[in-house]
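> I need the structure of the sequence given here:
(one chain, ligands or ions: 1)
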Amino acid sequence: MDFNLPEELQMLKQTVRRFVEKELIPLEREYRPEGEEMPERLLKPLQEKAKAIGLWMLDVPQEYGGAGLDLLPRCIIAEELFRSVAVPFRNNEIFGPEVRPVLFHCNEEQKKKFLFPVLKGEIKFCFAQTEPDAGSDPASMRTRAIRNGDTYTLNGTKRFITGAGVADYGQVMAVTDPEKRARGGITCFILDMKSPGVILERQWPTMMGEAPWQIVFDNVKVPAENIIGKEGQGFSLAQKWISEGRIRGHGARCLGIAERALELMMDYSQDRVTFGRPLAERQAVQFMVADSAMELRACRLMVYECAWRQDQGEDVRDLSYMVKIMCTEMVSRVVDRSIQVHGGVGLTKDLPLEWWYRQVRSVRITEGATEVLRWRLGQNLLRARKPQ
Ligand SMILES: Cc1cc2nc3c(=O)[nH]c(=O)nc-3n(C[C@H](O)[C@H](O)[C@H](O)COP(=O)(O)OP(=O)(O)OC[C@H]3O[C@@H](n4cnc5c(N)ncnc54)[C@H](O)[C@@H]3O)c2cc1C
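Numbering: from 1, shown residues only. You can find the predicted model right below:
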């Protein structure tokens with residue numbers, strides 16, 4: 001067993017780290033994303049530089065012109081990237097357009113119409129699953145799609161939809177068979193956001209700065225040819241994508257944030273003198289450093305193992321629950337400790353800590369709240385031990 005990263009992954013890590021140190025960290029004084037989109041004037045030059053060093057369309061399979069990287073290298077990239085706060089927390093396009101993996105399940109006709117324009121950055125998608133009465137339990141969603149000939153009619157309300165205000169199309173989950181629901185009764189539709197009956201009802205401004213949308217579908221017509229996969233396959237497609245999000249989007253991102261928060265904590269504690277001695281000489285502070293380093297190290301091993309196992313084709317559902325729970329809780333503690341060690345300075349906007357503090361509060365709720373994942377994990381472990 002070898003715990004060292006293979007040489008090519010070490011080189012990739014260094015390349016991304018150099019990019020972050022040179023291009024993003026200096027940008028932090030000027031830019032701290034409080035909304036969903038990075039301004040074009042900043043994004044375009046960064047994208048050009050990223051392309052020039054080969055950091056482009058990393059998630060996209062090679063057959064569509066991307067780098068087709070496995071999950072482990074993509075986790076390493078996310079870990080490095082999120083050491084900077086000059087990166088939008090959710091939809092970030094520095095290394096290429098945001099392509100939701102569900103789109104790779106498009107048929108050939110749909111690929112021409114939707115996937116390829118997304119890859120060229122010509123159109124944008126949002127993902128609409130959550131509803132006012134169905135968040136943690138998406139299988140209880142009420143948005144209904146009823147077929148009439150070659151067209152479906154959609155009615156319902158979606159809540160907290162990131163990027164809906166700028167999206168050309170939505171990947172909308174709707175019930176096509178109320179009897180089956182999660183077991184083949186929920187379908188994923190590609191919906192033109194300019195269709196009659198799509199109402200952007202309101203935004204929900206959050207403590208993170210972003211303001212996801214509430215959307216109403218009032219008798220919206222969608223052609224049957226806009227179903228991704230087969231009718232009833234939507235739930236399983238979305239779950240697959242969300243599972244990957246737990247490992248990279250949540251796990252790896254939390255590693256990067258925690259690592260930099262810890263570095264800031266250590267540097268400040270060595271410089272700052274109180275009662276005649278540097279903070280770093282106080283046991284209370286040393287314990288905060290030690291606890292943060294231990295927890296970060298354990299979480300990194302979990303993320304790398306989980307990503308590696310997924311790359312080997314293993315079922316990592318339970319491991320991905322563990323990763324999301326552990327990493328999101330770990331980063332909340334590390335950022336909090338770092339603020340504590342910085343005192344008043346930690347609360348100011350001169351440092352990235354207050355921004356992270358607000359952002360990381362969200363990750364214990366979005367895409368699977370901690371309690372829900374713990375509950376599911378416990379159920380799965382017990383079932384595996386003694387099948388019912
Ligand atoms: C900024 C932001 C962006 C988002 N973007 C999107 C998006 O683009 N698309 C989309 O579809 N959704 C999106 N969401 C929705 C997000 O995924 C949901 O908020 C999340 O799934 C939780 O659902 P809920 O808010 O309805 O909480 P609820 O389901 O009402 O749960 C509330 C709390 O109850 C507890 N709880 C729930 N069930 C259980 C249980 N079984 N056991 C124990 N405790 C439980 C948990 O602590 C949970 O936090 C976004 C949300 C936010 C805040």
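
> which ones are touching the nearest residue to Arg202 once chain neighbours are set aside?
Once flanking residues are discounted, Arg202 sits nearest to Gln214: 5.0 Å by CB to CB, 6 or more residues apart in numbering. For the C-beta atoms, the positions are set from N, CA and C on the backbone; glycine is no exception. Going by CB atoms under 8 Å, 6 or more residues apart in numbering, Gln214 touches 132, 157-161, 200-204.

> Now do Gln214 against Pro196, distance only.
Distance, Gln214 to Pro196, by CB to CB, to the nearest Å: 18 Å.

> returning to what we had before: so how far is Glu80 from the residue nearest to Arg202?
Taking CB to CB, one finds Gln214 at 35 Å from Glu80.

> go on, Asp133?
39 Å.

> and these two? which has more neighbours close in?
Neighbour totals were compared for Asp133 and Glu80, and Glu80 leads with 24 against 11 (other CB atoms under 10 Å).

> is it true that the more buried one lies in a helix?
Yes. Glu80 sits within a helix when classified using DSSP: H, G, I helix; E, B strand; the rest coil.

> Leaving out sequence neighbours, find the closest residue to it.
Val16 (3.9 Å).

> Let me know the helix or strand that that neighbour is in.
Element membership for Val16 (DSSP states H and E) is helix 7-19.

> Quick one: mean pLDDT over the next helix or strand after that helix.
Of the helices and strands lying after helix 7-19 in sequence (DSSP H and E), the nearest is helix 40-52. Helix 40-52 shows a mean pLDDT of 95.

> Next: stretch 241-256.
93.

> What's the end-to-end length of it?
21 Å (CA to CA, to the nearest Å).

> now check it, is it near the ligand?
No. Counting by CB under 6 Å from any ligand atom, the ligand is not contacted by stretch 241-256; separation bottoms out at 8.8 Å.

> Number of residues surrounding the residue lying closest to Ala78 once chain neighbours are set aside?
In space, Ala78 comes closest to Ala252 once its chain neighbours are excluded; the distance is 3.9 Å by CB to CB, 6+ apart. Neighbourhood size, Ala252 [other CB under 10 Å]: 28.

> Let me know whether Ala252 touches Cys299 as I believe.
No. Counting by CB atoms under 8 Å, Ala252 stays clear of Cys299, with 9.7 Å between them.

> pretty sure the residue nearest to Arg202 is in a strand, no?
Yes. Assessed by three-state DSSP, Gln214 belongs to a strand.

> Distance check, it against the ligand.
Distance, Gln214 to the ligand, by CB to the nearest ligand atom, to the nearest Å: 11 Å.

> Tell me where the protein has strands.
125-128, 144-148, 151-161, 169-175, 186-192, 198-203, 213-223, 273-274, 277-278 (DSSP state E).

> same for the fifth one, what does it pack against?
Counting contacts by 3 or more CB pairs under 8 Å, 6 or more residues apart in numbering; DSSP states H and E, strand 186-192 is packed against strand 151-161, strand 169-175, strand 213-223, helix 234-244.

> Pull out the buried residues from it.
186-191 (16 or more other CB atoms under 10 Å).

> got it, and the third one?
Neighbour-count burial for strand 151-161, with 16+ other CB under 10 Å as criterion, is recorded at 152-161.

> how near is the residue nearest to Glu80 to the ligand?
According to CB to the nearest ligand atom, Val16 stands 25 Å off from the ligand.

> neighbours around that residue, how many?
Neighbours of Val16 using other CB under 10 Å come to 24.

> The nearest residue to Trp308 once chain neighbours are set aside: how many residues sit nearby?
Of all residues not flanking Trp308 in the chain, Leu72 sits nearest, at 5.2 Å (CB to CB, 6+ apart). When neighbours are counted by other CB under 10 Å, Leu72 registers 24.

> who's in contact with Leu72?
Contact analysis of Leu72 by CB under 8 Å, 6+ apart lists 9, 304, 307-308, 311.

> could these go into TSV alongside distance to Leu43?
Listed next are those as TSV, based on distance: CB to CB, whole Å:
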residue	distance to Leu43
Leu9	27
Tyr304	29
Ala307	27
Trp308	31
Asp311	29
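
> Also near the ligand: which of those, exactly?
Of the contacts of Leu72, not one also sits near the ligand (CB under 6 Å from any ligand atom).

> Out of the helices and strands packed on strand 186-192, name the one with the poorest average pLDDT.
helix 234-244 (a mean of 85).

> helices and strands around that one, which ones?
For helix 234-244, the packing partners by 3+ CB pairs under 8 Å, 6+ apart come out as strand 169-175, strand 186-192, helix 317-342.

> model confidence over the helix holding Val16, on average?
97.
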